[in-house]
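1. Pasted the sequence and its predicted model underneath.
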Amino acid sequence: MRSSMGTRTRLTSVESVHEEGSYVCSVRESSGADGEVVVVPCEDGVAAYRNFCVHESDQRLAREGIGAILRDGEIICPRHGSTFDSCSGFCDNGKAEGLTLAEVDVAVEDGDVYLVDDGLTYLWDGGLGDDDGDETGDGPSSTSHVNF
């Protein structure tokens with residue numbers, strides 16, 4: 001395990017995030033809790049957020065094998081359909097209206113994306129696993145008014 005304190009960990013490339021639509025990795029917080037980070041396309045670069053909806057923290061925005069759902073520069077919460085600007089993380093509609101996603105510090109150098117957030121330590125590529133109680137593996141239940 002490498003500490004991100006004073007160092008940086010290469011996560012992926014900007015090109016890959018734009019081609020794949022998102023990138024997810026697992027991290028450990030300075031408190032010792034494990035979590036996930038999602039990196040999404042943002043104009044010519046990328047933005048990174050904690051991988052949960054700020055309206056309902058146990059709802060992931062991106063899931064293993066699916067990634068984040070993005071449309072017209074916005075990340076869509078798969079449960080309630082709230083949309084967050086991919087560059088600012090701000091939501092202007094739905095149950096998360098007025099809230100902003102928890103940003104993660106990343107740096108881009110020579111086309112590569114690095115985790116530089118002093119409060120997080122990189123663990124591995126991919127999520128922590130599907131532990132949200134969804135036995136079908138088909139994703140979260142949805143009360144969203146948005147069709148995908």
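-> All right, it came through fine.
2. In space, what's closest to residue 67 - neighbours in sequence excluded?
-> Using C-beta to C-beta, 6 or more residues apart in numbering and skipping the chain neighbours, the partner closest in space to residue 67 is residue 22 (4.1 Å). Every residue, glycine included, has its C-beta placed from N, CA and C.
3. For the one you found, list the residues it contacts.
-> By C-beta atoms under 8 Å, 6 or more residues apart in numbering, the contact list for residue 22 reads 38-41, 62, 67-68, 70.
4. Let me see the contact set for the residue sitting nearest the centre point of the chain.
-> Taking C-alpha atoms, centre = their mean, the centroid of the chain lies closest to residue 38, which sits 2.2 Å from it. Taking C-beta under 8 Å, 6+ apart, we find residue 38 in contact with 22-24, 48-51, 61-62, 68, 75.
5. Among those, which are located in helices?
-> Among those, no member falls in helices (DSSP state H).
6. With pLDDT added, can I get those residues in CSV?
-> CSV is the format used below for those (pLDDT from 0 to 100):
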residue, pLDDT
22, 96
23, 97
24, 96
48, 98
49, 97
50, 96
51, 96
61, 93
62, 93
68, 95
75, 96
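7. Can you get me a residue count around residue 40?
-> By other C-beta atoms under 10 Å, 26 other residues sit near residue 40.
8. Residue 17: helix or strand, and which one exactly?
-> Residue 17 is part of helix 14-20 when elements are defined by DSSP states H and E.
9. Show me what counts as buried in that helix.
-> Neighbour counts over helix 14-20 (16 or more other C-beta atoms under 10 Å) mark 14, 16-17 as buried.
10. quick one, strands of the chain?
-> In the chain, the segments counted as strands under DSSP state E are 9-13, 23-29, 34-42, 45-50, 62-63, 67-71, 74-76, 83-85, 106-109, 112-115, 120-125.
11. ok, so what distance separates residue 8 from residue 89?
-> According to C-beta to C-beta, to the nearest Å, residue 8 and residue 89 sit 21 Å apart.
12. So between the two, which is more surrounded?
-> Shown here are residue 8 and residue 89; by other C-beta under 10 Å, residue 89 has more neighbours (21 against 18).
13. check contacts around that one.
-> Counting by C-beta under 8 Å, 6+ apart, residue 89 has contacts 47, 49, 100-103.
14. Next: residue 103.
-> 47-49, 89.
15. Brilliant, that's me finished.
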